[in-house]
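**Q** okay, structure incoming, though there's no sequence with it:
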């Protein structure tokens, strides 16, 4: 048992370790010019250890070293009061609430539309090609417009941002659920038909249970998309609050450490959200006897 | 004068699994002469496929020794001594039938003219001439399996190893392919190792029937067939045929009872 | 008000027509006609509602106004298209996808690295990589190079995961077959694993088309020269010139669909043998 876990984790560990090593290495390479520049102005020559320690501790490095980002995270996540505008928890919460609201509405709408598409041939034929086509369109590009337009009609705050998240999480759910609701094979469908089951019973007892694996797969995609939507939606509002705003503010003032810490928090948020769905998936499928 | 093609001495193979070691083969002794048609028959788990895979250097024995044409299976593989036919045809869907037959020839570095010549030759042998340009998924299961036999014959190895090649086909197609295989064997004089779990198939095809039993996988009986080399399908109704079949069944049962 | 009523009637008529058409036996022209009618109806409703209810153009311009903007601002749109799509998205797409593919081939020999890279790659593919945009804009400057870099980072991991999976996808039996031929590493790569990987590789390529365009456009929100689709969208939104924004979005949609479509066509030509393509 222990051996198996080790066999599974050690390759991942090596890859992660390699990423950190590369990160430190790139920090040296990318920050070296600035360090040399500084040394030249001070009329000094840098030895290699000096160079390394300088490149790993600059104020506005091109690439901050992992421990600098970790320090910044510690400072802004743990040390600040969570109501403070400088707390990453505060910004993270703003992004998270947008993400979740958009995700819930997007998923709900997506499931309903999928049920409609599966049951109505005319709807399937007219809507489905557009749903698929719209996946090839960079929907994110209209984010600024939605924000501004909704602001103009007096809707501001959470709703416009959540609209974008909803929009982004909606499509993967429709596509996945249509596939899932259609996944029962002809024999299973015929069996229920011999029982004279109604369309609703067919949906409730066969199609929906069968679609669960598909649902969870698309929920993961939808959650990731929803978070991206929330972050991008924060950009045009003028960098007020949220992780996206931290990114934009950081890029205005060249605060690379701030950008990276916002980025890492966004990544952590995504990881937690997606693995939560993964956990739900495992529990649900296990209870339904579909665990892989 | 016959020469020995396969010679196994005290061959054993143990797989280590999560549930402990499994004796796939235990103390197997076997000799196959040139030009023989040898069937391996037994219930699932008796190691018949494993034995074939050891001959093909697809598995490594854990004890004992085995030689193919006097050398190790690995050397035999590298000198391209045998053609292998799997349970399913396993043709590449992105290649035509001719392209599939050409695959081993490309890898083994045959010239373009030789490739063309051989493709024609072996497709004729398995009665698939005219289907060169078809893709595998456009043919029936029986035709696909014939194409995979053609692929194994293409590079003219003198040993043909077949692992339940007709197992997935229906009875009628199977009879037909059995007949064709015998004709092909008579024409090419290859040595054939043939894994099956069908008694009639084993008796009908073979000059030698190796009966195996499981846990541990081992040989329980080796039966030399007394049937003539010329075998129409009706031979299966002859008393001689039924007698050999009875002996095979006996061997299989004996292998089971002492578990 | 009459306009709104007409719109309602058109909608009902189109809906009825589509229901009738959908009940007909399957034909290719019906499969094309039904969504076309649906799309046209949407446009008519949009036009009619905007004009009938006199919605302000700064909120939602009617499709005809967008068409006019599209036609009259063609040169600007073209410049933006070249800047964002051709220079930013396409070059990044090619660099990112080929780098990911080569990495996949390189790690293909090491099951250890594969086992490590697959989960990490899957993890990274779910992250909001787009957030790297401000950093890459800092590193590579405002011009298209930074946009291409964003695209490279965005497409790399989805492509890597798909390629690694694809190269593993050949069946055990087929690999055994190559072994019985005593085939070398390169022979089995070229003749077996690469062809078998193609459906997966194209899946990755398709996902990446959308990502590439998104990356190139959104990266421009973090700084760009005074051209490019993302730049135009954000500045025209600021000036409330929404017809131009919609024209730009139309370009993005057309470019996105054409990009995706051409990858699909290529996929059909290469993986014609795959069950999903035989239809």
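**A** Nice, thanks for sending it over. None of the values given here were measured: they were computed from a predicted structure.

**Q** separation between residue A:131 and chain B?
**A** From residue A:131 across to chain B, the span is 30 Å (C-beta to the nearest C-beta, to the nearest Å). C-beta here means a position set from N, CA and C on the backbone, and glycine is covered the same way.

**Q** near chain C, which residues of the stretch 51-200 of chain A show up?
**A** Within the stretch 51-200 of chain A, the positions near chain C by C-beta under 8 Å from any C-beta of the partner chain are A:62-63, A:121-122, A:124-130, A:133, A:135-142, A:144-145, A:148-149, A:152-153.

**Q** are any of those buried, and which?
**A** Buried members of those, scored by 16 or more other C-beta atoms under 10 Å in any protein chain shown, are A:62-63, A:122, A:124-129, A:133, A:135-142, A:144-145, A:148-149.

**Q** tell me which residues touch the residue most central in space within chain C, please.
**A** Nearest residue to the geometric centre of chain C (C-alpha atoms, centre = their mean): residue C:210, 2.3 Å. The contact partners of residue C:210, by C-beta atoms under 8 Å, 6 or more residues apart in numbering or on different chains, come to A:135, A:136, A:137, A:138, C:256, C:260.

**Q** could you redo the last one with a cut-off of 7 Å?
**A** Contacts for residue C:210 were tallied using C-beta atoms under 7 Å, 6 or more residues apart in numbering or on different chains; they are A:135, A:136, A:138, C:256, C:260.

**Q** nearest to chain B, of these?
**A** residue C:260 (23.2 Å; C-beta to the nearest C-beta).

**Q** just checking, that closest one is part of a helix?
**A** Yes - using DSSP: H, G, I helix; E, B strand; the rest coil, the assignment for residue C:260 is a helix.

**Q** how much space separates the closest residue to it other than its chain neighbours from residue A:75?
**A** Spatial nearest neighbour of residue C:260, chain neighbours left out: residue A:136 (3.7 Å); criterion: C-beta to C-beta, 6 or more residues apart in numbering or on different chains. From residue A:136 across to residue A:75, the span is 42 Å (C-beta to C-beta, to the nearest Å).

**Q** how about residue B:84, secondary structure?
**A** Three-state call for residue B:84 (three-state DSSP): strand.

**Q** hang on, residue A:101 packs against residue A:162?
**A** Yes - with contact defined as C-beta atoms under 7 Å, residue A:101 reaches residue A:162; the gap is 4.1 Å.

**Q** which one of the two has more residues nearby?
**A** Legend: neighbour count by other C-beta atoms under 10 Å in any protein chain shown for residue A:101 and residue A:162, higher for residue A:162 (24 against 19).

**Q** state the distance from the more buried one to residue A:169.
**A** Applying C-beta to C-beta, the value for residue A:162 to residue A:169 is 10 Å.

**Q** pull up the overlap in contacts between the two.
**A** By C-beta under 7 Å, 6+ apart, the residues touching both residue A:162 and residue A:169 are residue A:102.

**Q** roughly how far apart are the closest residue to residue C:135 other than its chain neighbours and residue A:85?
**A** Sequence neighbours aside, residue A:259 is the residue nearest to residue C:135 in space, at 5.7 Å (criterion: C-beta to C-beta, 6+ apart). Applying C-beta to C-beta, the value for residue A:259 to residue A:85 is 17 Å.

**Q** these two - which one has more neighbours?
**A** Using other C-beta under 10 Å as the criterion, residue A:259 and residue A:85 rank with residue A:259 on top: 26 against 9.

**Q** buried sites along the strand or helix carrying the more buried one?
**A** Residue A:259 belongs to helix A:256-287 when assigned by DSSP states H and E. Residues A:256-267, A:269-270, A:273-274, A:277, A:281 are the ones in helix A:256-287 that count as buried (16+ other C-beta under 10 Å).

**Q** break chain A down into its structural domains.
**A** Using automatic domain parsing, the domain parsing of chain A gives A:1-42, A:88-287.

**Q** format these as JSON lines; extra columns: mean pLDDT.
**A** Converted to JSON lines, those look like this (pLDDT from 0 to 100):
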{"stretch": "domain A:1-42", "mean pLDDT": "83"}
{"stretch": "domain A:88-287", "mean pLDDT": "85"}
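
**Q** just the ones you listed: most buried one?
**A** Burial of the domains of chain A is given as mean neighbour count (mean count of other C-beta atoms under 10 Å in any protein chain shown); domain A:88-287 ranks first at a mean of 20.

**Q** okay, how far is it across that domain, tip to tip?
**A** 37 Å (C-alpha to C-alpha, to the nearest Å).

**Q** got it, and stretch A:198-218?
**A** Per C-alpha to C-alpha, stretch A:198-218 runs 28 Å from first to last residue.

**Q** hmm, who's touching that stretch?
**A** Residues contacting stretch A:198-218 (C-beta under 7 Å, 6+ apart): A:115, A:119, A:172-173, A:175-177, A:179-181, A:183-184, A:188-189, A:192, A:277, A:281, A:284-285, A:288, A:290.

**Q** show me what from the stretch 101-250 of chain C comes close to chain A.
**A** Along the stretch 101-250 of chain C, the residues adjacent to chain A under the rule C-beta under 7 Å from any C-beta of the partner chain are C:112-113, C:115-117, C:119-120, C:123, C:126-128, C:130-132, C:134-135, C:137-139, C:209-210, C:213-214, C:217-218, C:221-222, C:229-230, C:233-234, C:237, C:242, C:245, C:249.

**Q** excluding its backbone neighbours, what's nearest residue B:95?
**A** In space, residue B:95 is closest to residue B:103, 6.8 Å off (C-beta to C-beta, 6+ apart).
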